[in-house]
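Asker: Pasting the sequence and the predicted coordinates here, then a few questions.
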Amino acid sequence: MPQVEPGGLTRNRIATFVFFGVQGFAFSLLTSKVSVIQKQLHVSDGTLAVLLALVPVLAGVGSVLAGAAMRWTTSAAVLRIAEPTVIGVLVIVPHTRNLYQAMPVLMVFGLAVGAADATMNMQACGLERRYGRSIILAFFGLWAAGAIVGSGWGALGSAAGWHLSVTYAVAAVVGVAATLYAGPMLLKNLRDETIVKDAEGRLPHIPWRPMLLLCVVMTLAYIGESSITAAGSDYLTKGLKSSDTFGGLVVGAYTVGQVLGRFRGDLAVQRFGNVKVVRAGAVVCAAGFAIVVGASGPYMALVGFLIAGFGLSPLVPVAFTAAYANDPTGSGVAVARINVFNYLGFLLGAPLVTGLWGAGVSHREGMAVPMVMIAVIVLLAYAFDPRRAPVRTGGLPTPAVGGAETVPTLGT
C-alpha cells in the first residue's frame, strides 16, 4: 500500500475541517431565517411544518443515494458536488416568492445536505482510522463553529437592514470558494469505511434489542435540537414579538452552548461515566427549555437556548459511542443504524412544534413539548451503561497513513 507523507494527511484533515465548517455555516444561516422566509413565501404555520418535515426526509434520501453512489465513485467526488450545492442554493432562496417556486429549491437543498452529511462523515472516519486515534469530535466542533458564524452573519444582516439576497449572496460566494479550494485536498479514492463486511462478504449481525433505548434517546435529542434550530426563531419573533435580529441569534446561542459543553465533555465522561453525564445533560437541557418557555423577553430566551445547547451537547456523541460499543466486530453497522434516528428526530421535532402552533396551541405551550421529551431521557440514561454492551472481540485494521484503501459498502 502506498505511503504518503504526514503533511499530506494534515492537508486532508484541514480540507475536511473546511467542509464541516461550511456545512454548519450554511445550515445555520438557512434555519436561522425560517421566520423571514415564511413571511416571504406567505405560508401558514401548518404549511411551514410540512416544509420543515420535508427537509430531513430528503436529507435521508440524499444520504442513501450517496451511499449507493460509492459503488462507482468516491466520497470526495460526491462531497465536492454536494457541498457547493448546499451553500450555493442560498443565492436562490431570497428570490422565491411562493411555495411553488420554493419547493424545487428546498428539494435540492435537502438532497444535497444528506449527500454532504454522508460523505463528510466518510472522510472523517477515513481520517480517524489513518490517524489511529479519536479526532472526529473536532470535526463536529468545526460544524458548530460554522453554525455560530452563520447565525451571527444572519443577525448582522438583519441589524444592518440588508436584504436577504445580499446576506445570502455574500455567504454563498465565500462558502463556495472555500469548498472549491479545499476539494482537491480531500482523501482520494475513499469510499465508505463506516460499513465493513466480513471475509465472506456478509454484514455482521448486530442485535437490535440493546440499541433500542439508545435509538429512542437519539430521536428525543434531535427532536429537542430541531425544535430550537428550525422553530426557535419563530418562537422569538412571533411568540415573544422580538425582531428578526433576535430570531437570527437563536441558532448561534444554542451552538455556543454546545461548543462550551463539548469542550469539557470528554473529561466529564472520563470522570463520571456515560450514565451520569447523559442524565445531567438531559436535566440541564430541560432546564434551558423551561427558561425559554417562561422567558419574558428575547434576552432571557436566548440564555435558555444557550443552556439547552450546553445540556444537549454530550448526548449525541455519547449515543454514538454507546452504539459503537454494541458492535463487537467494530464494523460501524451499529453507528450507521443509530444515525437514521438523527433524521427521524429532526423530522419530528420542528414540524411537531410548528404544527401545534398552526393548530392554535400557544407558542409557550408548543415549546414545552420538547422540554418534556428531553426530560424523558433522564429515565432512559441507564441504557448508556457500558455493562449492557457485548464484549468486543476485535477491531478494524488501521490503514497506512494517507493510504487509499477502500472497503466494501452496504450496497456492494
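Answerer: Here it is on my side, so go on.

Asker: As a check, name the ranges of all helices in the stretch 1-150 of the chain.
Answerer: For the stretch 1-150 of the chain, the helices defined by DSSP state H, counting those that start in this stretch cover 6-31, 34-41, 45-69, 75-88, 99-131, 136-160.

Asker: Show which residues not belonging to the very next helix or strand once past the last one make contact with it.
Answerer: Counting by DSSP states H and E, the element after helix 136-160 in chain order, helix or strand, is helix 164-182. Residues outside helix 164-182 that contact it (C-beta atoms under 8 Å, 6 or more residues apart in numbering): 14-15, 18-19, 21-22, 25-26, 29, 33, 36-37, 40, 80, 83-84, 87-88, 90-91, 93-95, 150, 153-154, 157-158. All C-beta atoms are positioned from the backbone trio N, CA, C, and that covers glycine.

Asker: what's the average pLDDT for the helix or strand following helix 164-182?
Answerer: Downstream of helix 164-182, the next assigned helix or strand under DSSP H and E is helix 212-229. The predicted model assigns helix 212-229 a mean pLDDT of 92.

Asker: can you give me the angle helix 212-229 makes with helix 45-69?
Answerer: Computed by axes from the mean of the first three to the mean of the last three C-alpha atoms, to 10 degrees, the angle separating helix 212-229 from helix 45-69 equals 130 degrees.

Asker: what angle sits between helix 212-229 and helix 6-31?
Answerer: Angle of helix 212-229 versus helix 6-31, following the same axes, to 10 degrees, is 60 degrees.

Asker: then helix 212-229 to CSV, C-alphas only?
Answerer: Provided in CSV are the C-alpha atoms of helix 212-229 (Å, rounded to 0.1, in the frame of the first residue of the first chain):
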residue,chain,number,x,y,z
LEU,A,212,-33.5,0.3,21.1
LEU,A,213,-33.3,2.7,24.0
LEU,A,214,-30.2,4.4,22.5
CYS,A,215,-32.2,5.0,19.3
VAL,A,216,-35.0,6.4,21.4
VAL,A,217,-32.6,8.8,23.1
MET,A,218,-31.1,9.8,19.8
THR,A,219,-34.6,10.6,18.5
LEU,A,220,-35.5,12.6,21.5
ALA,A,221,-32.2,14.5,21.4
TYR,A,222,-32.8,15.5,17.8
ILE,A,223,-36.4,16.5,18.5
GLY,A,224,-35.0,18.9,21.0
GLU,A,225,-32.3,20.2,18.7
SER,A,226,-34.6,20.7,15.6
SER,A,227,-37.2,22.4,17.8
ILE,A,228,-34.6,25.0,18.6
THR,A,229,-32.7,25.3,15.3
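
Asker: Drop anything exposed from the contacts of helix 164-182.
Answerer: Listed as buried from the contacts of helix 164-182 are 15, 18-19, 21-22, 25-26, 29, 33, 36-37, 40, 80, 83-84, 87-88, 90-91, 93-94, 150, 153-154, 157-158; burial here means 16 or more other C-beta atoms under 10 Å.

Asker: count of residues packed around Trp162?
Answerer: By the measure other C-beta atoms under 10 Å, the count of residues near Trp162 is 15.

Asker: The chain should start at 462 in everything you say after this.
Answerer: Let's use 462 as the start, then, which means that last one is Trp623.

Asker: And it, its phi and psi?
Answerer: Torsion angles at Trp623 (phi, psi; degrees, to the nearest 10) stand at phi -70, psi 150.

Asker: now it: how far from Ala543?
Answerer: Separation of Trp623 from Ala543 (C-beta to C-beta, to the nearest Å): 28 Å.

Asker: Got the domain ranges for the protein?
Answerer: 462-654, 661-854 (automatic domain parsing).

Asker: Please name the residues that touch Gln499.
Answerer: Leu509, Asp695.

Asker: I'd assumed Ser688 was in contact with Leu773.
Answerer: No. Assessed by C-beta atoms under 8 Å, Leu773 is found out of contact with Ser688, at 10.7 Å.

Asker: So these two - more neighbours on which side?
Answerer: For the pair Leu773 and Ser688, the greater number of neighbours falls to Ser688 (30 against 27), based on other C-beta under 10 Å.

Asker: And that one, how far from Val830?
Answerer: Taking C-beta to C-beta, one finds Ser688 at 8 Å from Val830.

Asker: pLDDT wise, what is the closest residue to Val511 other than its chain neighbours at?
Answerer: Using C-beta to C-beta, 6 or more residues apart in numbering and skipping residues adjacent in sequence, the residue nearest Val511 is Pro812, 7.0 Å away. For Pro812, the model assigns a pLDDT of 81.

Asker: In the stretch 662-811 of the chain, where is pLDDT below threshold?
Answerer: By pLDDT under 70, the low-scoring segments of the stretch 662-811 of the chain are 662-667, 727, 785, 788-798.

Asker: Which residue ranges of it form strands?
Answerer: For the stretch 662-811 of the chain, strands defined by DSSP state E, counting those that start in this stretch do not occur.

Asker: Break down it into its helices, ranges please.
Answerer: Under DSSP H, counting those that start in this stretch, the stretch 662-811 of the chain gives helices at 673-690, 693-695, 705-708, 711-733, 735-755, 759-773, 776-786, 794-819.

Asker: Val574 is nearest to which of the ones you listed?
Answerer: helix 794-819 (10.3 Å; C-beta to C-beta).

Asker: Buried residues, that closest one. List them.
Answerer: 794-800, 802-819.

Asker: My read is that Ala573 contacts Gly523, right?
Answerer: Yes. The pair Ala573 / Gly523 is scored as a contact, 6.4 Å apart, by C-beta under 8 Å.

Asker: okay if I get the helices of the stretch 462-611 of the chain as TSV plus distance to Thr698 and mean pLDDT?
Answerer: TSV is the format used below for the helices of the stretch 462-611 of the chain (distance: least, C-beta to C-beta, whole Å; pLDDT from 0 to 100):
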stretch	distance to Thr698	mean pLDDT
helix 467-492	13	87
helix 495-502	4	83
helix 506-530	12	81
helix 536-549	25	93
helix 560-592	19	85
helix 597-621	10	84
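
Asker: Quick one: those helices as a markdown table, columns for distance to Asp695 too.
Answerer: Formatted as a markdown table, the helices of the stretch 462-611 of the chain follow (distance: least, C-beta to C-beta, whole Å):
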| stretch | distance to Asp695 |
| --- | --- |
| helix 467-492 | 11 |
| helix 495-502 | 5 |
| helix 506-530 | 8 |
| helix 536-549 | 22 |
| helix 560-592 | 17 |
| helix 597-621 | 14 |
